[in-house]
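In: I would like to see how this sequence folds:
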Amino acid sequence: MSSILLTLPVVLSLSTALTIFFVRRSTKSAEWLSGASVILNLVVAGLLTENIISNGIQAVAFGQWQAPFGIVFVADYFYGMEAGADVHYVIGYALFTAWLVVFLFLYSKRQTLYTKFN
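Out: Residues are numbered from 1 along each chain as shown. Now for the predicted structure:
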């Protein structure tokens, strides 16, 4: 189960990119697919972080090839911090968007506010 969890973020991201490539004409579908992918990646990151906390650091060699010749997926405690940082990116994006909306609203009303206070 841990080997599936270790590779699932990569597989999920690649499959999302491939799916969005085929539905790129429909902007709404691409937006919904990318949003669903982000949510699924956060769920997988949470499950993997919980697995790391309970079972310790995990590593899986891709194709059973060892480190110098193959790709090794490693999940350690830093990955848990990185998954938490993804949540901070979402919060920061939401705060920036809210600030931008307020700024653009006030900018659009600048003439009304100027005549009202002068």
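
In: any idea whether Phe73 is helix, strand or coil?
Out: With DSSP: H, G, I helix; E, B strand; the rest coil as the basis, the three-state label of Phe73 is strand.

In: so Ala59 sits in a helix?
Out: No. Note on Ala59: no helix contains this position according to three-state DSSP, which reports strand.

In: Report the contact partners of it.
Out: Residues touching Ala59, when contacts are defined by C-beta atoms under 8 Å, 6 or more residues apart in numbering, comprise 6, 72-75. Where C-beta positions appear, they are placed from N, C-alpha and C, glycine not excepted.

In: phi, psi of Gly70?
Out: With angles defined as degrees, to the nearest 10, Gly70 shows backbone torsions of phi -120, psi 180.

In: Ile39 too?
Out: In this entry, Ile39 is assigned phi and psi values of phi -60, psi -40 (degrees, to the nearest 10).

In: for Leu104, same thing?
Out: Backbone dihedrals for Leu104, given as degrees, to the nearest 10, come out at phi -70, psi -30.

In: now swap in Lys109 and tell me
Out: Listed backbone geometry of Lys109 is phi -100, psi 10, with angles given as degrees, to the nearest 10.

In: Quick check on the contacts of Ala59: which are buried?
Out: With neighbours counted using 16 or more other C-beta atoms under 10 Å, the contacts of Ala59 contain these buried positions: 6, 73, 75.

In: so the spatially most central residue of the chain is in which element?
Out: When the chain is reduced to its mean C-alpha position, the nearest residue by C-alpha atoms, centre = their mean turns out to be Val38, at 4.5 Å. Assigned by DSSP states H and E, Val38 belongs to helix 27-55.

In: Show me what that helix is packed up against.
Out: Other helices and strands packing on helix 27-55, by 3 or more C-beta pairs under 8 Å, 6 or more residues apart in numbering; DSSP states H and E, are helix 2-22, strand 72-75, helix 77-108.

In: Output the ones you listed as JSON lines; include the columns distance to Leu47 and mean pLDDT.
Out: Output for the helices and strands packed on helix 27-55, formatted as JSON lines (distance: least, C-beta to C-beta, whole Å; pLDDT from 0 to 100):
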{"stretch": "helix 2-22", "distance to Leu47": "6", "mean pLDDT": "85"}
{"stretch": "strand 72-75", "distance to Leu47": "11", "mean pLDDT": "81"}
{"stretch": "helix 77-108", "distance to Leu47": "10", "mean pLDDT": "75"}
